[in-house]
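# Provide a 3D model corresponding to the input given below.
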Amino acid sequence: MARFSVLEELHAKTEEHAVRVKIVRKWNTMIRQRPAACVMILGDEKGSTMEATLPRDVVLPKGIDLEEADWFEIYNFKLIRVIELVRPTRSKYGIKFTQATSFRKIQPIVDSNFLELANFTAVLKGHSHPMYCIDLCGAMVAVGELQQLQELGAGEIYSYQNTRMEFTLVNTELRNLRCVAYGKEAVTLSEYYRNSRAPVDVCVLRAWRIHWGEGGFRYVTNLEGCSEVLFDHDMEEIKKFKSKIPIIE
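Numbering: from 1, shown residues only. So this is what the prediction gives:
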């Protein structure tokens with residue numbers, strides 16, 4: 001019987017690997033407008049997360065679909081060192097699936113969305129390392145217009161790839177962070193905000209990147225692929241935020 005490891009126990013010298021994890025986030029990396037690999041963020045019962053890659057040439061077993069929010073037992077995979085300059089998790093290792101990797105869908109082990117919400121003050125003071133993406137929850141204010149960064153081609157109304165939108169995220173202590181969204185996230189935020197009738201628009205930014213300027217913090221922005229914006233009003237983080245809203249008009 002396989003011994004299941006938690007993600008933080010995995011290291012390159014381990015010969016056989018088996019984990020029980022949830023697919024927290026999933027996206028495709030592109031090369032020359034073609035999918036190169038499917039990349040995921042996995043989370044385990046201890047709350048740890050790790051990046052995983054399904055190469056384009058690895059075919060999943062029949063009947064296996066790796067969907068977000070599903071839990072799996074996963075066996076026989078490789079561990080690789082993560083070398084990206086900006087990372088969606090703090091783990092120095094990543095999982096690489098191979099043709100020998102096997103999967104078994106299981107019932108959820110813990111009810112977790114694997115968000116680690118960053119403290120606004122800590123970000124502004126430079127205590128959050130810009131190498132690692134952060135999660136943020138706050139109210140949207142000072143929302144700008146959706147901008148096109150390049151001229152549109154004939155017949156184009158707008159282009160997802162070349163859109164940009166500025167806004168500010170405010171916490172319950174009235175600390176604010178300047179944010180810039182690009183691409184799909186910019187369109188998602190703009191459409192939600194323009195159509196919303198709520199007195200306060202609260203969102204969660206998952207896996208967003210910190211940008212630094214010469215004097216310190218500049219803004220946070222989405223990282224292509226892994227970042228997302230959440231407006232789920234049943235999320236515990238949004239409920240907690242809204243329970244403290246009297247100070248925000």
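
# Buried residues, the longest helix seen in the chain. List them.
Under DSSP state H, the helix in the chain containing the largest number of residues is helix 183-195. Buried residues in helix 183-195, counted by 16 or more other CB atoms under 10 Å: 183-190, 193. Using the backbone N, CA and C atoms, a C-beta is placed for each residue, glycine as well.

# With pLDDT and distance to Glu67 added, can I get those in JSON lines?
Putting these into JSON lines (pLDDT from 0 to 100; distance: CB to CB, whole Å) gives the following:
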{"residue": "Gly183", "pLDDT": "90", "distance to Glu67": "23"}
{"residue": "Lys184", "pLDDT": "90", "distance to Glu67": "19"}
{"residue": "Glu185", "pLDDT": "93", "distance to Glu67": "21"}
{"residue": "Ala186", "pLDDT": "94", "distance to Glu67": "25"}
{"residue": "Val187", "pLDDT": "92", "distance to Glu67": "23"}
{"residue": "Thr188", "pLDDT": "92", "distance to Glu67": "20"}
{"residue": "Leu189", "pLDDT": "94", "distance to Glu67": "24"}
{"residue": "Ser190", "pLDDT": "93", "distance to Glu67": "27"}
{"residue": "Tyr193", "pLDDT": "93", "distance to Glu67": "28"}
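
# helix or strand right after the longest helix of the chain?
Sequence-wise, the next helix or strand downstream of helix 183-195 (DSSP states H and E) is strand 202-213.

# what comes up buried for that next one?
So strand 202-213, judged by 16+ other CB under 10 Å, has buried residues 202-210.

# helices or strands up against the least confident helix or strand in the chain by mean pLDDT?
Within the chain, confidence by mean pLDDT, DSSP states H and E is lowest for helix 236-242 among all helices and strands, at a mean of 76. Helices and strands touching helix 236-242, as assessed by 3 or more CB pairs under 8 Å, 6 or more residues apart in numbering; DSSP states H and E, comprise strand 134-141, strand 202-213.

# Nearest to Thr101 among the ones you listed would be which one?
strand 202-213 (24.1 Å; CB to CB).

# Quick check: buried residues in the helix or strand just after that closest one?
Beyond strand 202-213 on the C-terminal side, the first helix or strand identified by DSSP H and E is strand 216-222. If you call a residue buried by 16+ other CB under 10 Å, then strand 216-222 has these buried ones: 217, 219-222.

# Which of those residues scores worst on pLDDT?
Sorting the buried residues of strand 216-222 by confidence puts Phe217 at the bottom, with a pLDDT of 92.

# Leaving out sequence neighbours, find the closest residue to that one.
Excluding its sequence neighbours, the residue lying closest to Phe217 (CB to CB, 6 or more residues apart in numbering) is Leu124, at 5.4 Å.

# again, but for Phe72
Spatial nearest neighbour of Phe72, chain neighbours left out: Phe103 (5.0 Å); criterion: CB to CB, 6+ apart.

# which SS state does the one you found fall under?
What DSSP: H, G, I helix; E, B strand; the rest coil gives for Phe103 is strand.

# Following the chain past the lengthiest strand in the chain, name the next helix or strand.
Secondary structure of the chain read by DSSP state E shows that its longest strand is strand 18-31. Of the helices and strands lying after strand 18-31 in sequence (DSSP H and E), the nearest is strand 34-43.
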